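Chemist: fold the following and give me the result.
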Amino acid sequence: MAEQEINLENFSTLFSQVLDVVDSGLGISDEADLTLPDNPVTVGARVKSAEEWSDKMVTNAQAAGPAWLRGVLNPRKNPIEAAIAANGKRKQRLAEAERDERWLHSMQRVDVDEMYHTIEAIGESAYTQGIGARKGKIRNKISKLQPLVEGLAKTIDAMPQDTDQQREARMLAARRGMIEIGKRLKGISS
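Modeler: Model (predicted):
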């Protein structure tokens, strides 16, 4: 690649070749001439090793915790209004993700052992603290759900249950009722 000057017209083709080498598992050798002209100000490798890069990323993210919290608690604009205003963008990106099957490709790359290692490293406290912190939100949701479920239960209780067919009808009514309750709670009219 050193023989050919890299510019915007040929970048995509040449970079695609580099990615093919990386994807093949061969990696980029130290001898490969893929660098820009020497820069006397630059010290160290052009690209850090994966270990150094990830360690620095994790360290910086952990150190940024207090700044993250301040930012989340002091947003520049109302996050709900901003999310609603960006609904068109969300739909467009979701359509692209569906078209490209990004979820499927992401799931195919999940390392199950690494997933469980992360869960064990975090421990149950992350789950229990998260639930505890959301107690008010949970109570609010349940306070809206409970009367609807109670109404459904009373309606089903009034249905006959003497025969198998009647009991099956009650089961189907329960399923349909819970689907309707779910739609109602999501603001979807049927």
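
Chemist: domain assignment for this structure?
Modeler: Using automatic domain parsing, the domain parsing of the chain gives 1-35, 72-109.

Chemist: would you turn those into CSV with mean neighbour count, mean pLDDT and distance to residue 162?
Modeler: C-beta: built from backbone N, CA, C; applies to glycine. Below are these laid out as CSV (neighbours: other CB atoms under 10 Å; pLDDT from 0 to 100; distance: least, CB to CB, whole Å):
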stretch, mean neighbour count, mean pLDDT, distance to residue 162
domain 1-35, 10, 68, 66
domain 72-109, 10, 96, 47
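
Chemist: adding distance to residue 59, write those domains out as JSON lines.
Modeler: Below are the domains of the chain laid out as JSON lines (distance: least, CB to CB, whole Å):
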{"stretch": "domain 1-35", "distance to residue 59": "25"}
{"stretch": "domain 72-109", "distance to residue 59": "21"}
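
Chemist: nearest to residue 130, out of the ones you listed?
Modeler: domain 72-109 (15.1 Å; CB to CB).

Chemist: follow-up on the earlier one: so which of the domains of the chain comes closest to residue 135?
Modeler: Of all the domains of the chain, domain 72-109 comes closest under CB to CB, at 19.2 Å.

Chemist: and that closest one, how far apart are its ends?
Modeler: 31 Å (CA to CA, to the nearest Å).

Chemist: chain center to it, what's the gap?
Modeler: Mean-position distance between domain 72-109 and its chain equals 9 Å (CA atoms, centre = their mean, to the nearest Å).

Chemist: any idea how far residue 10 is from residue 16?
Modeler: 10 Å (CB to CB, to the nearest Å).

Chemist: the domains of the chain: which one's closest to residue 181?
Modeler: domain 72-109 (23.8 Å).

Chemist: check contacts around the residue nearest the centre of the chain.
Modeler: The chain has residue 103 as the residue nearest its centroid, 9.6 Å off, counting by CA atoms, centre = their mean. Contacts were defined as CB atoms under 8 Å, 6 or more residues apart in numbering; by that measure residue 103 touches residue 97.

Chemist: how about the helices in the protein?
Modeler: 8-23, 50-63, 65-73, 79-85, 87-100, 102-108, 112-122, 124-133, 135-157, 164-185 (DSSP state H).
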